[in-house]
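*Asks:* predicted model and sequence below, questions to follow.
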Amino acid sequence: MKTARFSRPAALGTAVLAAAAVTAAPAVSAAPAAGTDPLTTQVRLITFNDLHGNLEPPAGSSGRVTLPDGSAVDAGGAQFLATHVARLRGEVKNSLVLSAGDNVGASPVNSALFHDEPTIEFLNQLGVSTSVIGNHEFDEGFEELRRMSDGGCHTADGCQFRDPFPGANFEQLGANVTFTDGRPALKPFDVQNVNGTRVGIIGATLEELPSVVAPGAIEGLEFGDEVEAINRTSRMLDTMGVKAQVVLLHQGDGTESGGPDECNLTPGPASAIAKAASPNVDLIFTGHSHAQYKCTIDDPAGNPRQVLQGASYGRLLSVADLAIDRVSQDVVRSETKARNEIVTRDVPADPTAQALIDEAATKAAPIANRPVGSITGDLPRAAAPSGESPIGDVIADAQFEATAANSPQIAITNPGGIRADLLFPGSPVGEGDGVVTYGEAFAVQPFGNIMQTMTLTGAQLKAVLEQQWTPEETNILQVSAGLHYSYSAGAPIGSKVTEISINGQPVDPNTPYRVSVNNFLAGGGDGFTELTKGTDVVGGPVDLDAFLGYLNAHPGITPPPADRITALP
């Protein structure tokens with residue numbers, strides 16, 4: 001009988017939870033690798049992040065890894081990921097497979113149609129022992145996250161992939177996730193016994209998770225400071241005598257350029273956390289930003305510490321080889337060797353993984369392969385200098401048209417909700433045929449957000465547009481054809497936007513306007529809190545249905561010109 005891994009921590013106190021985390025960890029027994037220092041135990045950690053249910057090799061730029069010289073190589077695919085993991089584990093017998101979160105959610109149709117059960121089955125095949133919870137693990141709510149861990153059939157759809165669904169064979173951690181009454185909602189750590197040596201694994205997700213998830217999905221939960229949670233949990237492990245400690249952190253920085261093992265960071269939350277997290281932590285795997293980097297960042301005691309992230313979609317594996325002193329049981333940090341390894345497609349496909357992929361594709365095919373529209377050129381997510389993207393324009397127009405019964409004057413959508421390109425053959429990255437299938441459209445709009453139309457004053461609309469810039473990042477909303485504005489990149493935050501017009505008429509600060517957005521934005525998602533002040537809110541269709549309806553009504557969509565947003569110096 002499968003032991004429940006998820007629901008029990010909610011009812012346990014910290015001390016009991018700590019003991020449970022140790023006793024539940026399975027042993028991995030193996031001899032040290034030949035030729036290694038007999039005074040240390042060699043442990044290899046093999047980690048990926050942000051898989052997002054990409055079982056098939058991802059297409060276009062999402063399926064390529066940039067090399068140091070700026071060229072790119074095809075990468076990813078669960079069948080090849082499994083082959084690379086098997087080889088890496090075979091090289092060092094004391095190996096653990098870990099994940100830095102977002103295993104599921106925003107997934108392609110062959111996983112998402114089955115509530116990502118195929119992806120969990122693949123991670124079980126892969127031998128993942130521990131994962132941190134990412135924000136997308138909450139896409140369908142906390143109870144669904146419980147089911148994904150503990151198993152059982154979906155409450156509404158039943159078991160459509162395999163019956164029964166066994167759930168995850170790995171721990172899912174969240175040291176900074178609590179219920180509103182302070183009780184832990186998730187286990188803070190896991191301990192793996194490797195050839196007589198204990199490795200403590202701390203999991204922390206991003207504190208600002210509520211800003212990137214629909215409010216109803218995390219009702220009753222709170223997300224605390226990452227550093228406080230890491231340090232508290234590290235002290236707990238230290239008290240228990242677990243000296244070798246690593247962190248799975250679902251938070252990341254961006255990069256300006258560079259190959260998988262370069263460190264051209266745009267300073268952000270992950271590097272700040274790495275600088276402040278307890279010196280007892282020996283290594284940090286990050287995620288969330290879909291970036292590739294291998295950095296050395298000094299801990300608070302001034303000691304160098306490796307910090308890695310492996311892009312996304314199964315394109316890279318972050319590999320760290322630890323030497324653990326057999327007497328002190330701590331990591332000899334100076335001997336730690338880490339790298340990001342490309343999941344190339346020039347290796348044999350793992351037969352077990354391939355069989356799972358084929359099963360998911362076969363079961364999804366009747367829906368996924370249905371034609372729903374056509375395009376005459378690439379509709380990529382890559383944006384013009386202004387931040388406007390071809391696919392963003394089309395989706396905003398689709399949402400405007402789909403909510404016509406609510407009398408909108410404009411529609412606005414968030415770029416983070418657009419998850420894939422629509423590509424036409426003949427372009428440098430085009431791999432399609434001009435026909436858009438349901439599966440391709442689903443990959444673009446996988447969240448199932450509900451459209452809402454609200455009233456905003458002109459002043460409130462300007463405030464929404466100003467919220468695209470924060471000290472931490474720029475997040476340019478995608479807008480329908482009726483809205484035009486300019487912004488000055490060099491102006492102060494809060495005063496960048498000018499010349500706003502709707503259907504050719506200047507926006508008046510005191511005039512009400514009807515605006516269509518999805519419910520994620522309406523709830524203040526991505527920091528657009530001004531939208532929560534909208535009035536006279538009326539519901540509409542699901543965003544995917546809006547997109548499908550637009551594709552059907554407008555065959556042969558031509559990429560629109562990027563003329564809605566004007567960027568000024």
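*Replies:* Perfect, I can see it now.
*Asks:* quick one: contacts for the residue nearest to residue 419 when sequence neighbours are not counted?
*Replies:* In space, residue 419 comes closest to residue 106 once its chain neighbours are excluded; the distance is 4.9 Å by C-beta to C-beta, 6 or more residues apart in numbering. C-betas here are computed from N, CA, C, even on glycine. Contacts for residue 106 (C-beta atoms under 8 Å, 6 or more residues apart in numbering) come out as 52, 53, 136, 139, 419, 446, 447.
*Asks:* which of the residues you listed ranks first by neighbour count?
*Replies:* Counting neighbours by other C-beta atoms under 10 Å, residue 53 leads these with 29 neighbours.
*Asks:* the residue nearest to that residue when sequence neighbours are not counted: how many residues sit nearby?
*Replies:* Excluding its sequence neighbours, the residue lying closest to residue 53 (C-beta to C-beta, 6+ apart) is residue 107, at 2.6 Å. Neighbours of residue 107 under the rule other C-beta under 10 Å: 27.
*Asks:* ok, residue 107 - contacts?
*Replies:* 52, 53, 54, 116, 119, 446.
*Asks:* which SS class is the first one?
*Replies:* What it means is residue 52. Using DSSP: H, G, I helix; E, B strand; the rest coil, the structure places residue 52 in coil.
*Asks:* separation between it and residue 281?
*Replies:* 26 Å (C-beta to C-beta, to the nearest Å).
*Asks:* nearest to residue 406 among the contacts of residue 106?
*Replies:* residue 447 (20.3 Å; C-beta to C-beta).
*Asks:* can you tell me, leaving aside adjacent residues, what's nearest to that closest one?
*Replies:* residue 417 (5.9 Å).
*Asks:* cool, and residue 568?
*Replies:* Distances taken as C-beta to C-beta, 6+ apart place residue 488 nearest to residue 568, at 4.6 Å, with adjacent residues excluded.
*Asks:* residues near residue 220, how many?
*Replies:* Neighbour number of residue 220 under other C-beta under 10 Å is 10.
*Asks:* ok, now residue 301?
*Replies:* 9.
*Asks:* mind checking the SS state of it?
*Replies:* coil.
*Asks:* what segments of the stretch 51-200 of the chain are strands?
*Replies:* With strands called from DSSP state E, counting those that start in this stretch, the stretch 51-200 of the chain shows them at 64-66, 72-74, 95-99, 128-132, 171-173, 177-179, 189-194, 197-205.
*Asks:* of the ones you listed, which is nearest residue 478?
*Replies:* Nearest of the strands of the stretch 51-200 of the chain (C-beta to C-beta): strand 64-66, 23.8 Å.
*Asks:* show me what the closest one is packed up against.
*Replies:* Under the contact criterion of 3 or more C-beta pairs under 8 Å, 6 or more residues apart in numbering; DSSP states H and E, strand 64-66 touches strand 72-74.
*Asks:* please compute how far the strand it packs on lies from its chain's middle.
*Replies:* 21 Å (C-alpha atoms, centre = their mean, to the nearest Å).
*Asks:* which parts of that strand are buried?
*Replies:* Buried positions in strand 72-74, judged by neighbour count with 16 or more other C-beta atoms under 10 Å: residue 74.
*Asks:* and it, average pLDDT?
*Replies:* Computed over strand 72-74, the mean pLDDT rounds to 96.
*Asks:* name the helices or strands packed onto the longest helix anywhere in the chain?
*Replies:* Scanning the chain for the helix with the most residues, using DSSP state H, yields helix 351-368. When contacts are defined as 3+ C-beta pairs under 8 Å, 6+ apart, helix 351-368 packs onto helix 78-91, helix 109-112, helix 117-126, helix 438-444.
*Asks:* single out the most deeply packed of those.
*Replies:* Across the helices and strands packed on helix 351-368, the average number of neighbours (mean count of other C-beta atoms under 10 Å) peaks for helix 109-112, which reaches a mean of 26.
*Asks:* and after the helix or strand of the chain with the lowest mean pLDDT, which helix or strand comes next?
*Replies:* Taking mean pLDDT, DSSP states H and E as the measure, the chain has strand 27-28 as its least confident helix or strand, at a mean of 38. Counting by DSSP states H and E, the next helix or strand C-terminal to strand 27-28 is strand 40-48.
*Asks:* adjacent strands (with direction) for that next one?
*Replies:* In the sheet, strand 40-48 lines up against strand 95-99 (parallel), strand 316-325 (antiparallel) (DSSP bridges).
*Asks:* can you redo those as CSV with distance to residue 179, mean neighbour count and mean pLDDT?
*Replies:* What follows is the strands paired with strand 40-48, written out as CSV (distance: least, C-beta to C-beta, whole Å; neighbours: other C-beta atoms under 10 Å; pLDDT from 0 to 100):
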stretch, distance to residue 179, mean neighbour count, mean pLDDT
strand 95-99, 24, 24, 98
strand 316-325, 32, 24, 97
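*Asks:* of all the strands of the stretch 51-200 of the chain, which one is nearest residue 465?
*Replies:* Per C-beta to C-beta, nearest to residue 465 of the strands of the stretch 51-200 of the chain: strand 197-205, 29.3 Å.
*Asks:* so how far is residue 294 from residue 317?
*Replies:* 12 Å.
*Asks:* who touches both of those two?
*Replies:* Joint contacts of residue 317 and residue 294 (C-beta under 8 Å, 6+ apart) are residue 340.
*Asks:* want to throw the helices and strands packed on helix 351-368 into JSON lines with distance to residue 344?
*Replies:* Putting those into JSON lines (distance: least, C-beta to C-beta, whole Å) gives the following:
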{"stretch": "helix 78-91", "distance to residue 344": "7"}
{"stretch": "helix 109-112", "distance to residue 344": "22"}
{"stretch": "helix 117-126", "distance to residue 344": "17"}
{"stretch": "helix 438-444", "distance to residue 344": "23"}
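*Asks:* in CSV: those, plus mean pLDDT.
*Replies:* Formatted as CSV, the helices and strands packed on helix 351-368 follow (pLDDT from 0 to 100):
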stretch, mean pLDDT
helix 78-91, 98
helix 109-112, 94
helix 117-126, 98
helix 438-444, 94
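*Asks:* low-confidence bits of this structure, can you list those?
*Replies:* 1-37, 426-433 (pLDDT under 70).
*Asks:* how about the helices in this protein?
*Replies:* Using DSSP H, helices in the chain cover 14-23, 78-91, 109-112, 117-126, 142-150, 226-239, 269-276, 351-368, 390-402, 438-444, 458-466, 519-522, 543-553.
*Asks:* of those helices, which is nearest residue 210?
*Replies:* Nearest to residue 210, of the helices of the chain and by C-beta to C-beta, is helix 519-522 at 11.5 Å.
*Asks:* got the CA positions of the closest one in CSV?
*Replies:* What follows is helix 519-522, C-alpha atoms only, in CSV (Å, rounded to 0.1, in the frame of the first residue of the first chain):
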residue,chain,number,x,y,z
ASN,A,519,-9.6,36.3,-14.0
PHE,A,520,-5.9,35.9,-13.1
LEU,A,521,-5.3,39.6,-13.9
ALA,A,522,-8.7,40.6,-12.5
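*Asks:* what's it packed up against?
*Replies:* strand 450-457.
*Asks:* just give me how far the strand it packs on sits from the chain centre.
*Replies:* 27 Å.
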